[in-house]
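Asks: Give me the fold of what follows.
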Amino acid sequence: DGFDMSGTLYKRRGGFGRKAEVNWKKRFFTLVGPVLCYYDAPDRDAIDPSRPRGRLNLSKEDTVAEMQTKHGAGGPTEYLVTINLYVLGSKRKWEMCAGSRGEQRRWYDALRRHDGPHND
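Replies: Residues are numbered from 1 along each chain as shown. The predicted structure follows:
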């Protein structure tokens, strides 16, 4: 399918959606090289690869991937993967939950390989 990695993860909504009652949505994610995309639909058959809802070039941005296991943190599962994104001195993040520890580890390892430039 041309993706280095792809699959369905839960993504925490950003902005105003963060405060919504249902603030985790199933999204289909793809990784091609350092470019991570996610789509409105939760599965491969329902997406148009040319129209992601969100896109992040991990090698160009100042990013750090993290992996945590958090029980009861409000997420749909405890297998959390976070990409911290530092832009102009402020920090944003993409938070995702995997369905299993193995899936969490695969995504974390793939994302971590592309942690972007750090100007500390």
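Asks: Please name the residues that touch Glu61.
Replies: Applying CB atoms under 8 Å, 6 or more residues apart in numbering to Glu61 gives the contacts 85-87, 116-117. Every residue, glycine included, has its C-beta placed from N, CA and C.
Asks: Low-confidence regions, this structure specifically.
Replies: 16-21, 71-73, 118-120 (pLDDT under 70).
Asks: rewinding a little: buried ones from the contacts of Glu61, can you make that a PyMOL selection?
Replies: Filtering the contacts of Glu61 down to the buried ones (16 or more other CB atoms under 10 Å) takes a single PyMOL command:
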select buried, resi 85+86+116
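Asks: Pick the one among the contacts of Glu61 closest to Gly74.
Replies: Leu85 (20.5 Å; CB to CB).
Asks: Nearest spatial neighbour of the closest one, chain-adjacent residues omitted?
Replies: Excluding its sequence neighbours, the residue lying closest to Leu85 (CB to CB, 6 or more residues apart in numbering) is Arg92, at 4.6 Å.
Asks: show me the contacts for the one you found.
Replies: Contacts of Arg92 by CB under 8 Å, 6+ apart are 14, 84-85.
Asks: So which of those residues are in strands?
Replies: With DSSP state E as the criterion, strands contain 84-85 from among the contacts of Arg92.
Asks: Let me have the contacts of Arg92 in a markdown table, extended by distance to Lys70.
Replies: Shown next, in a markdown table, are the contacts of Arg92 (distance: CB to CB, whole Å):
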| residue | distance to Lys70 |
| --- | --- |
| Gly14 | 18 |
| Asn84 | 15 |
| Leu85 | 20 |
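Asks: Tell me the one of the contacts of Arg92 nearest Ser50?
Replies: Of the contacts of Arg92, the one sitting nearest to Ser50 (CB to CB) turns out to be Gly14, at 22.4 Å.
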